[in-house]
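Trainee: Could you work out the structure for the sequence below:
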Amino acid sequence: MLFFSTDFHYFNTTRISDVGVKCDDTEYPIAKPSVMADNQGNMYVELVNIYNTSLAPLDCTMPKDSITITFTISGTRNVLQ
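Mentor: Sure, this is the predicted structure:
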């Protein structure tokens with residue numbers, strides 16, 4: 001499983017795009033992350049989850065040095081007031 005969560009409230013106008021995971025020196029695009037609210041109503045983004053079959057698997061070995069997640073967030077007008 002690979003995901004990230006935030007400490008700001010999720011609104012359905014908030015969009016996540018251009019998502020990529022970099023394992024060591026190899027980059028993997030994530031076409032359709034699952035964006036939702038967590039139990040506290042904050043934004044939660046699933047990138048890989050073997051129990052969520054709507055997400056594509058990430059075909060990489062466990063990184064030896066680093067994992068980096070990059071993304072673009074838009075629709076933050078309601079979030080960042």
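
Trainee: With adjacent residues omitted, what lies nearest to residue 68?
Mentor: Leaving aside its chain neighbours, residue 68 sits nearest to residue 22 (4.2 Å; criterion: Cβ to Cβ, 6 or more residues apart in numbering). C-beta here means a position set from N, CA and C on the backbone, and glycine is covered the same way.

Trainee: Run a quick neighbour tally on that neighbour.
Mentor: 15 (other Cβ atoms under 10 Å).

Trainee: ditto for the one 3 residues further on
Mentor: Residue 25: 8 surrounding residues under other Cβ under 10 Å.

Trainee: And the pLDDT at it?
Mentor: On pLDDT, residue 25 comes in at 90.

Trainee: what's near enough to touch it?
Mentor: Listed by Cβ atoms under 8 Å, 6 or more residues apart in numbering, residue 25 has no contact partners.

Trainee: give me phi/psi at it?
Mentor: phi -110, psi 10 (degrees, to the nearest 10).

Trainee: Please report the distance of it from residue 39.
Mentor: 36 Å (Cβ to Cβ, to the nearest Å).
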